[in-house]
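Asker: here is a sequence with its predicted model. Questions after.
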Amino acid sequence: MENATVLPQSKQQPHQLNWHRLLPWLIPVALVGAWQFAVSAGWLDQQLIPSPLAVVQDGVALWQTGELPKNIAISLFRATVGFAIGGSIGFVLGLLNGLSKVARGLTDTTIQMLRNIPHLSLIPLVIIMLGIGESAKISLVSVGVMFPIYINTYSGIRNIDPELLEMGRTYGLTRRQLFSKIVFPGALPTILVGVRYALGVMWTTLIVAETISSNSGIGYMASNAQEFMDMATVLLCIVIYALLGKLSDIIAKTLESLCLDWQTKGGARA
Amino acid sequence: MTPLITLDRIGKQYGANTALHDVNFSIYPGEFVALVGMSGGGKSTILRLIAGLEAASAGNLSYAGGQAPVTRVMFQNDRLLPWMTAIQNVSFHARDADTQSRAKQTLAAVGLAAFANQYPNQLSGGQKQRLALARALMAQPELLLLDEPLGALDALTRRNMQDFIRQIVAEQHLTTLLITHDVEEAARMADRIIVIKNGSNVYEATGAKDGTAAQVATVAQDVLQVILQPSGQAV
Ligand SMILES: Nc1ncnc2c1ncn2[C@@H]1O[C@H](COP(=O)(O)OP(=O)(O)OP(=O)(O)O)[C@@H](O)[C@H]1O
Ligand SMILES: [Mg+2]
């Protein structure tokens, strides 16, 4: 979405382009540099706050024992499966309620009521019902992801410009064509906002679920390390979350630029 | 000649609000008719009834041969699909095999051949209106309905588009109904001008389509006077 305000690339000088590429990394690099410096200079207690280098070394060691890849893999698995299930349910419900008055009348009130329950408050319930196995964490992620996707799909469809629909009808489009040529592409920007938001919810939910009740995953690694006062591993886990968050962001941005190139081309928003 | 379309004592109510009462006129094949009048007079409502977007509350709308002609509407806002390129916008509704080549021809006809793969937000206001016109022409309509299609354009582009529409309409022998608040535009473009006032047609004048600037001005002046007369005293 932010891309919309950036000048079209053709108008930029080549050296400006490189500068813009580097700009986002300036603050992270400076922070890590300052941190390393503060530890090396002895301003920070190494026991309490290990240096970035120590965190990296810890990461390499854990990678070599196979513990780190195993936990990243299991967390990624939970996140992906939970997102796929919750996202699909939210999307289908959003489509149904956006398109059908009957479905809307039947389910919308219920959904609005459920939506206001913070999904993390379901953790005790889910643990009692499903234990601490995979289904517990996957269902928590699904529930968290479902609502942002549902709401954005629904409102994207409901907010389609009625004049465009009328235009489509005067050109004799069938209901199916109206959907594929006008309703869905028109709702897509809003749906993708939901996807981006849901990706954030996905990680938060997973972290909390894994920290509270799990015996594997990055969240488990962090809470386990906390018990042993292993600060390097705790920081490592936080860094991994930041990287995974960045990864989701890249996925969301790629989806947007693939699906919504009509918005960014020409600079102005339609 | 039998009229292509006839409005006979047409009325339209929106709840308690009377938008039209007693509208009577015909449009003949190949004719260019302009509807002019004050804002809120009922011009768009007449167009929407003819286009079949709404049903009349009273009266009778009849077509030659009993069947509605192929009709295309061009609205004041272009109503282009922002997620489709120019060429997709003109061909999105058609399924026939030669659509692509016809789409190219039509874009060329409105001078947008070089913009086929641009999105609407990469086009100027005038280009967008030409694209909307191309889309309407793609369907090879018998009846072209234009609701203030040039209202948002600057004076110069507007003049160009007026000539352009006239030329295309003449080439394709289209029957055309143009709504405009610009009496000079009506005088310059139409065979016949109908003044709509408070929900009915109150006056008709012959346009000065191929006339001199002075003739256009005379017709425009005449029509403007009728529009500005206090209601109730209309001819
Ligand atoms: N959908 C609607 N619901 C209620 N009233 C309507 C509706 N559409 C039009 N009207 C009323 O009908 C009357 C005629 O409206 P119409 O849009 O036909 O006027 P117009 O001559 O096209 O005006 P303008 O030049 O401003 O476009 C107005 O009083 C308007 O308020
Ligand atoms: Mg109008």
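Answerer: Structure received. Ligands and ions are numbered 1, 2, ... in the order given.
Asker: and the pLDDT for residue 122?
Answerer: Chain wasn't specified; assuming chain A. You'll see A:Leu122 listed with a pLDDT of 87.
Asker: correction: the question concerned chain B.
Answerer: The model's pLDDT for B:Gln122 equals 93.
Asker: how close does it sit to B:Phe164?
Answerer: Counting by C-beta to C-beta, to the nearest Å, the gap from B:Gln122 to B:Phe164 is 21 Å. From N, CA and C alone the C-beta is placed, and that goes for glycine too.
Asker: same deal with A:Lys253?
Answerer: For A:Lys253, the distance to B:Phe164 equals 42 Å [C-beta to C-beta].
Asker: more crowded one of those two?
Answerer: B:Phe164 (19 against 15; other C-beta atoms under 10 Å in any protein chain shown).
Asker: low-confidence ranges in the chain?
Answerer: Because you didn't say which chain, this covers chain A. Residues of chain A that meet the criterion pLDDT under 70 lie in A:1-17, A:266-270.
Asker: hm, I was asking about chain B
Answerer: Applying pLDDT under 70 to chain B flags the ranges B:95, B:97, B:231-235.
Asker: domains in it, as residue ranges please.
Answerer: When chain B is parsed with automatic domain parsing, its domains come out as B:5-70+B:141-228, B:82-140.
Asker: surely B:Trp83 is in a strand?
Answerer: No. B:Trp83: not assigned to a strand; according to DSSP: H, G, I helix; E, B strand; the rest coil it is coil.
Asker: residues in contact with it?
Answerer: A:Pro185, A:Gly186, A:Leu188, A:Leu260, A:Trp262, B:Tyr119 (C-beta atoms under 8 Å, 6 or more residues apart in numbering or on different chains).
Asker: need the residues you listed in a markdown table with distance to A:Gln226 and neighbour count, can you?
Answerer: A markdown table is the format used below for those (distance: C-beta to C-beta, whole Å; neighbours: other C-beta atoms under 10 Å in any protein chain shown):
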| residue | distance to A:Gln226 | neighbour count |
| --- | --- | --- |
| A:Pro185 | 48 | 18 |
| A:Gly186 | 48 | 19 |
| A:Leu188 | 42 | 19 |
| A:Leu260 | 42 | 19 |
| A:Trp262 | 48 | 20 |
| B:Tyr119 | 52 | 23 |
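Asker: wait, what's in contact with A:Asn159?
Answerer: Each residue near A:Asn159 by C-beta under 8 Å, 6+ apart is listed here: A:Ala187, A:Thr190.
Asker: same thing with B:Ala220?
Answerer: B:Val183, B:Glu184, B:Ala186, B:Ala187.
Asker: cool, B:Pro69 as well?
Answerer: Counted by C-beta under 8 Å, 6+ apart, B:Pro69 has contacts B:Leu4, B:Ile5, B:Tyr63, B:Pro141, B:Glu142, B:Leu143, B:Thr175.
Asker: same thing but 6 Å
Answerer: B:Pro69 makes contact with B:Glu142, B:Leu143, according to C-beta atoms under 6 Å, 6 or more residues apart in numbering or on different chains.
Asker: using a markdown table, lay out the domains of chain B together with distance to A:Leu93.
Answerer: Formatted as a markdown table, those follow (distance: least, C-beta to C-beta, whole Å):
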| stretch | distance to A:Leu93 |
| --- | --- |
| domain B:5-70+B:141-228 | 32 |
| domain B:82-140 | 24 |
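Asker: now the helices for the chain?
Answerer: Reading this off chain A. For chain A, the helices defined by DSSP state H cover A:14-40, A:52-65, A:67-99, A:101-115, A:123-130, A:134-158, A:162-170, A:175-178, A:184-212, A:218-227, A:231-259, A:261-264.
Asker: that's the other chain; I wanted chain B
Answerer: So, for chain B - with DSSP H - the helices run B:43-50, B:86-91, B:99-109, B:125-138, B:155-171, B:183-189, B:213-228.
Asker: with distance to A:Val141 added, can I get those in a markdown table?
Answerer: What follows is the helices of chain B, written out as a markdown table (distance: least, C-beta to C-beta, whole Å):
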| stretch | distance to A:Val141 |
| --- | --- |
| helix B:43-50 | 49 |
| helix B:86-91 | 38 |
| helix B:99-109 | 45 |
| helix B:125-138 | 44 |
| helix B:155-171 | 54 |
| helix B:183-189 | 61 |
| helix B:213-228 | 66 |
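Asker: how close does B:Asp8 get to B:Gly59?
Answerer: 6 Å.
Asker: check B:Met138 too.
Answerer: From B:Met138 to B:Gly59 the distance is 32 Å (C-beta to C-beta).
Asker: who has more neighbours out of those two?
Answerer: Between B:Met138 and B:Gly59, counted using other C-beta under 10 Å, the more crowded position is B:Met138 (22 against 17).
Asker: tell me the residues of chain B that contact ligand 1?
Answerer: Within chain B, the positions adjacent to ligand 1 are B:Tyr14, B:Asn17, B:Ala19, B:Gly37, B:Ser39, B:Gly40, B:Gly41, B:Gly42, B:Lys43, B:Ser44, B:Thr45, B:His181 by C-beta under 6 Å from any ligand atom.
Asker: name only those of those that count as buried.
Answerer: Buried members of these, counted by 16 or more other C-beta atoms under 10 Å in any protein chain shown: B:Ala19, B:Gly37, B:Gly41, B:Gly42, B:Lys43, B:Ser44, B:Thr45, B:His181.
Asker: how about a markdown table for the residues you listed, with distance to A:Glu166 added?
Answerer: Output for these, formatted as a markdown table (distance: C-beta to C-beta, whole Å):
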| residue | distance to A:Glu166 |
| --- | --- |
| B:Ala19 | 17 |
| B:Gly37 | 23 |
| B:Gly41 | 22 |
| B:Gly42 | 19 |
| B:Lys43 | 17 |
| B:Ser44 | 13 |
| B:Thr45 | 14 |
| B:His181 | 22 |
